[in-house]
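Asks: sequence? don't have it. structure:
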């Protein structure tokens, strides 16, 4: 969404919520850069209610809104998946080539194998929230598959890729049954929590490359 023609201050965040917009207004930002923007496929085209209020605030303060959804999931350097691996300290990172686009489902390893509880503790420490998890296998966890956000539908592909455990942001009722029956440990670590790091990393790149004033604002969300 177009705003000011010159940008000096940028606010980054996960989702273009009213709370983030209000912070941008308070800090006199020229642009907001997020992972979750507006105008999703299949949603109502009318600009009413919550969406109208958000857009009205952006227009009233001439703030640019820049949103990268799938591209920021899969980017090989700044993507949510790549950044989550960095946060968790994973090594030997690669993508599952059978899942498109490339980079949507990732594989990597823990430097040292650990128990189910140990991995849950690592996730809680790094993401600042405890994951919902299901312990299935009776051996230490070494090889991980992950997809940030709402990636629970990739659990079968994670099994086929040989992962001991699968980390994503959300869980469906059937996900736990699949984990139990296909033999893989499962961790739901939060849609928001797993997708903080792409927008943050991209913002840091923008600051370093263009000399802009960039601040990441984390609007708390338990989902």
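Replies: That came in fine, so what should we check first? Remember, it's a predicted structure, so these values are computed and weren't measured experimentally. Numbers count the residues shown, from 1 in each chain.
Asks: so, low pLDDT: which residues of this protein?
Replies: Under the criterion of pLDDT under 70, none of the chain is flagged as low confidence.
Asks: buried set for the top strand by length along it?
Replies: In the chain, with assignment by DSSP state E, the single longest strand is strand 106-114. For strand 106-114, the neighbour count (16 or more other C-beta atoms under 10 Å) marks 106-110, 114 as buried. Just so you know, the C-beta spots here come from the backbone N, C-alpha and C atoms, and that holds for glycine as well.
Asks: in CSV, list these along with distance to residue 58.
Replies: Shown next, in CSV, are the buried residues of strand 106-114 (distance: C-beta to C-beta, whole Å):
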residue, distance to residue 58
106, 33
107, 39
108, 38
109, 43
110, 42
114, 45
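Asks: contact partners of the longest strand of the chain?
Replies: 81-82, 85, 89-96, 119, 122, 140-147, 161-163 (C-beta atoms under 8 Å, 6 or more residues apart in numbering).
Asks: could you pull out the helices for this structure?
Replies: 18-26, 49-60, 70-74, 80-88, 116-127, 155-160, 173-182, 191-194, 196-210 (DSSP state H).
Asks: among the ones you listed, which is nearest residue 217?
Replies: helix 18-26 (5.2 Å; C-beta to C-beta).
Asks: next one: the closest one to chain centre, how far?
Replies: For helix 18-26, the separation from the chain centroid amounts to 20 Å (computed by C-alpha atoms, centre = their mean, to the nearest Å).
Asks: kindly report the same for stretch 70-78.
Replies: Taking C-alpha atoms, centre = their mean, the mean C-alpha location of stretch 70-78 is offset from the chain mean by 10 Å.
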